[in-house]
Structure formats: structure tokens, C-alpha cells
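> Have a look; sequence and predicted model below, questions after that.
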Amino acid sequence: MDQSVKLEMRGITKAFVGVKALNQVNFETEKGEIHALMGENGAGKSTLMKILAGAIHRDEGTIFIDGVERHIQNPLDAIRLGISVIYQEFMLAPHLTVAENIFIDRISGKKAVINWKELKAKAKEQLVQLGFNDIDPGAKVASLSVAYQQVTEICKCLTRYTDILVLDEPTSVLTFSEIEKLFEILQRLKGKGVSVIYISHRLEEVLRIADRVTVLKDGANVDTLPNAGLTKDKLVTLMVGREFSQMFAGRHAKSGDVVLEVNHLKAGNMVKDVSFKVRAGEVVGFSGLVGAGRSETMRAIFGADPLASGEIIYMGEKTRFKDPRCAIQHGFGLLSEDRKKEGLLLFQSIRVNSTIASLQKVSRAGLLNHRKEKDFVSELLASLSTKYGSTEDDARSLSGGNQQKVAFAKWIFADCKCIVLDEPTRGVDVGAKLEIYKIINQLAEKGVAVIMISSEMPEIIGMCDRAYVMRQGLVAGELEKQEMTEEKLIKLAMGV
């Protein structure tokens, strides 16, 4: 075996209830290499990495590390071999502090008594090295933003002995400035000989940071290519058979009357003075850094968070939704950025999740018409190209992209006049993004006023008719379609 090869996985096969998630997959990465692993949701990327991490067992195949065959039976075996995995779903204890989470498997340092002061100091040192000195090591993880929870997860892995670092969608909750810090860290690790396996749906990131790219499709290898000469079009074609130029298809929607107008909104500590408007048939973007107050603004309008002051004019009338139920009754919907905690009932059926916001459409005199409900749901999910077994399956059984489609279906079924989509494509693959963009265009063409919060600037530029950029709880600026560039969005977001 080539001495430069750190990890080689040969002929990896894994089946779940008769369905092959992986079929004779081969993968290798070299020492000091950043190797991107790409493919649509369900392509087998996460399954392959869970086998490497000892979280699940392979049915067939062999794993070599430094040329030696290894039998990884559990996560502890993987950790001892220097394998660290940062999953898309965080492996954190929310009720414990940042410091406790970072050193959770070696919290006492083999001593009889835990030195809490030393533990916090070590955690602070690690956070400062990562460039996140504003994170309090004594804070409970549950109190942190999703982005800072991600940083804690990364920090936890980097404080261990790590030769192979796997990152599954590491930037899905980070802003561009935080992504820059992460890339600096990865380059330093690469320089120290650490092999980085980077799973991401963000094409521009992969093209920028990866040395090589391996693409999987339907649990099998498609190709492994050096980054040099790769393009977005090439990657998209390998993954889904469509070109990148087709990502943002033209929209045939006419702008109508103002559906929502907000003046001098204030809410909590994050929303200081926000004014904007959105018309029927428009897709209006909200860009900015994490913590700028975008999500908090929309939650306050939706009635999910307390509203301090300001004026909301909805459908031509001054309005203040006292709670989300009131907003839904008035045709105002909000697709949460955290689909697992707020967007879905994971342990309820796909059917229940799809109709929960509009039960009146499938009931009479308080009684559900189950046949009508099932037919509605089947037809709706088919229109969204959703992949599932049965409408009675739990939502947790779906892939990330299909979970997002079900969360989306709930609001389409509710016939909203105005809908807020908070990071609608976070953590979903290119194919699912295409479907979601298509849905957004269809909503706008039906006259729905769409507000899209996104941390992906190409998405804001490609999908939105106008965009507001927020900074520190204020609207820093508004850009028309023809004005939008990544440079202008960044400057407004950073106050340059």
C-alpha cells in the first residue's frame, strides 16, 4: 500500500432491512489531505462515515489505517485509532457547560477530584485558539446559538488525539466569517498531517478547500477526482445529472400589493429597529451574520417570541399575532431553521406532520376524515418529489432533505398568504435544493409573499427579488435584484 495513504476503505457494503445503503464502496484519503465526500441525501456518505466511526457495523469490506487492517467495533475503538467525527446532528450534552462538553470523556484528567477552574481555563484556551474567545466555557450548551454549539463540537474533537477528522456539514450553521476561521483551522491541521474528510453540499466550499473529491450516488462510487479543473457544473452533473446553471430557474411571478409591512419593530435584545415590506408574488431575502437578528425578527412577527414595540400591517390591517396559532389562522406561516426541534414532530407520522397546521381542511365537526387526509398528503408529497415508505412512518425515518420537504408541505397545505422560510435548504443536497427552489417559485407565482432567510449568498442572489441585510438587530441596507453581489452583501453585513 502507498505510504502516503492514511485511510483506505475497500468494498464496504451495508444493508438496512434489505435495502443496500452501500454497495461495494471504495474510499481512501492521504495523510495531510482534505478529501471531500459528496452526493445527494441518501447517497451513503453518512453511513460510510458511521462505519468508520464504529457507530454501525459493515456487512462486508475492510478498513486499513496506515496500511494495517483494523476492526472497528465501536466508537471507542475509533477514538483510540485517532478518528474523530463531527456529525451534522450534534453529540453534545445540552445541560452541561461548554467546558464539560469539550472534555467530557476525560473530565477529571485521571484525578480523584475535578479541578473546575483548570477545566474552564483549558477550555477557554482551546476556544481562543479557534478564534471564538467570546464563548463562555462556563455557559450551558443549551443556551448557545446553533453556530456556537457547532464550535463546541469542533473544539471537543480537536482536544483529542486526532489523525483522521470527519466533518459532516460543518458550515451549515456558520456565517462566512466563522467559515473562514474553520478553514484556517483545517489548513493548520492539514499542515500537521491530519487527514480531513469533508462532507458538504456547498459546492463553492468544496472547490475552495478540498484536494480531492469523491462522489457517491445511490450507495455506490461515481468517481474520485482531483480538485484541479473541477467546476460546479461538473460536480452537480456527477451527483444529479443536471447542470449548476439550472439551479435558479426563471420565475414568472408578478409583484402585487403589499402583504406585510413592518415598521420600527423591537423585540428582546436581538431586534432593535427593523422595518421592511414584502409584496404578493415577491421573494424577499434576509441576509446577514448569525446573531444579526433575522430569525428573531420573524419569530416576533409570528407570535413565537414577545414583541416589545413596532407596527405590523398585514393584509392592509394593523396586526399583532398573540401566538403562532393566531398567525396560522391568518395565513401566516414560518418554516423554522431547526426542523428537528421546531419544524417537525419527529416521533409522529409523516401524515400528521403534513396536516398539523391545517386540520380544518381534512376534518368536519371536529372529526378527521382519515381517507381524505391520506389522499391529500400522498398527492402533496408526490408534488414535492418526497421519498418515503409510508405516510404512517415516523418523520425521523426520513433523510434530511425529505424531512425538510415534509416540513415545507405543512405550510403549502395551509394555503399561506405570507410565509417565512428560515434557512430552507440548510443541510440538504443539491437535488433537494432544486426541488425546494422550484416550490418557492411556485408559491411566488401563486401570489404568496415569501420571505427567505439564508446564510448562503448565492442563494439570496439567485432566488430573491430584493434583499434586506441585517446587522446587530438593525437593517443595514436593502438591495434590488440587479444590485445584489456577494461583495455588497458582505460589506453591509459587516458594516464596512
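Thanks, I have it. Residues are numbered from 1 along each chain as shown.

> In PDB, could you pull the C-alpha coordinates for the host helix or strand of Ser295?
Using DSSP states H and E, the element containing Ser295 is helix 294-302. Only the C-alpha atoms of helix 294-302 are listed here, as PDB (Å, rounded to 0.1, in the frame of the first residue of the first chain):
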ATOM      1  CA  ARG A 294     -33.000  37.800  11.300                       C
ATOM      2  CA  SER A 295     -34.700  34.800  12.800                       C
ATOM      3  CA  GLU A 296     -35.600  36.700  16.000                       C
ATOM      4  CA  THR A 297     -37.400  39.400  13.900                       C
ATOM      5  CA  MET A 298     -39.600  36.800  12.100                       C
ATOM      6  CA  ARG A 299     -40.300  34.800  15.300                       C
ATOM      7  CA  ALA A 300     -41.600  38.100  16.900                       C
ATOM      8  CA  ILE A 301     -43.900  38.800  14.000                       C
ATOM      9  CA  PHE A 302     -45.100  35.200  14.000                       C
END
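
> Which strands and helices lie in contact with it?
Helices and strands touching helix 294-302, by 3 or more Cβ pairs under 8 Å, 6 or more residues apart in numbering; DSSP states H and E, are strand 258-267, strand 271-279, strand 283-288, helix 324-329, strand 332-335, strand 418-422, strand 449-453. (Glycine included, C-beta is placed from N, CA and C.)

> could you redo the last one with a cut-off of 6 Å?
Applying 3 or more Cβ pairs under 6 Å, 6 or more residues apart in numbering; DSSP states H and E, we find helix 294-302 packed against strand 271-279.

> Would you agree Ala21 is in contact with Lys14?
Yes. In this structure, Ala21 is within contact of Lys14 by Cβ atoms under 6 Å, at 5.0 Å.

> Give me the common contacts of these two.
When Cβ atoms under 6 Å, 6 or more residues apart in numbering defines a contact, the residues bordering Ala21 and Lys14 alike are Thr47.

> Dump stretch 235-242 to PDB, restricted to CA.
Extracted C-alpha coordinates of stretch 235-242, given in PDB (Å, rounded to 0.1, in the frame of the first residue of the first chain):
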ATOM      1  CA  LEU A 235     -19.900  18.300  -9.600                       C
ATOM      2  CA  VAL A 236     -23.600  18.800 -10.000                       C
ATOM      3  CA  THR A 237     -23.700  16.600 -13.100                       C
ATOM      4  CA  LEU A 238     -21.900  13.900 -11.300                       C
ATOM      5  CA  MET A 239     -24.300  14.000  -8.400                       C
ATOM      6  CA  VAL A 240     -27.700  14.500 -10.000                       C
ATOM      7  CA  GLY A 241     -27.200  14.600 -13.800                       C
ATOM      8  CA  ARG A 242     -28.200  18.300 -14.100                       C
END
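
> Run the chain-centre distance for it.
20 Å (Cα atoms, centre = their mean, to the nearest Å).

> Which residues in it does the neighbour count mark as buried?
Under the neighbour-count criterion of 16 or more other Cβ atoms under 10 Å, stretch 235-242 has Leu235, Val236, Leu238, Met239, Val240 buried.

> how about JSON lines for these, with distance to Leu489 added?
Formatted as JSON lines, the buried residues of stretch 235-242 follow (distance: Cβ to Cβ, whole Å):
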{"residue": "Leu235", "distance to Leu489": "23"}
{"residue": "Val236", "distance to Leu489": "23"}
{"residue": "Leu238", "distance to Leu489": "29"}
{"residue": "Met239", "distance to Leu489": "26"}
{"residue": "Val240", "distance to Leu489": "27"}
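
> Rank these by pLDDT and give me only the lowest.
Lowest pLDDT of the buried residues of stretch 235-242: Val240, 70.

> mind listing the helices for the stretch 301-450 of the chain?
Ranges of helices within the stretch 301-450 of the chain are 324-329, 350-355, 370-383, 400-413, 430-445, based on DSSP state H, counting those that start in this stretch.

> out of those, nearest to Ile313?
Nearest of the helices of the stretch 301-450 of the chain to Ile313, taken as Cβ to Cβ: helix 324-329 at 14.4 Å.

> got the CA positions of the closest one in CSV?
C-alpha atoms of helix 324-329 as CSV (Å, rounded to 0.1, in the frame of the first residue of the first chain):
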residue,chain,number,x,y,z
PRO,A,324,-48.3,31.2,16.4
ARG,A,325,-51.8,29.7,16.3
CYS,A,326,-53.2,33.2,15.7
ALA,A,327,-50.7,33.7,12.9
ILE,A,328,-51.5,30.4,11.2
GLN,A,329,-55.3,31.2,11.3
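
> Walk me through the domains of the protein.
As assigned by automatic domain parsing, the chain contains the domains 5-245, 258-494.

> and Arg251, which of those domains is closest to it?
Of the domains of the chain, nearest to Arg251 by Cβ to Cβ is domain 258-494, at 4.5 Å.

> Would you format the domains of the chain as JSON lines with distance to His252 included?
Listed next are these as JSON lines, based on distance: least, Cβ to Cβ, whole Å:
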{"stretch": "domain 5-245", "distance to His252": "18"}
{"stretch": "domain 258-494", "distance to His252": "6"}
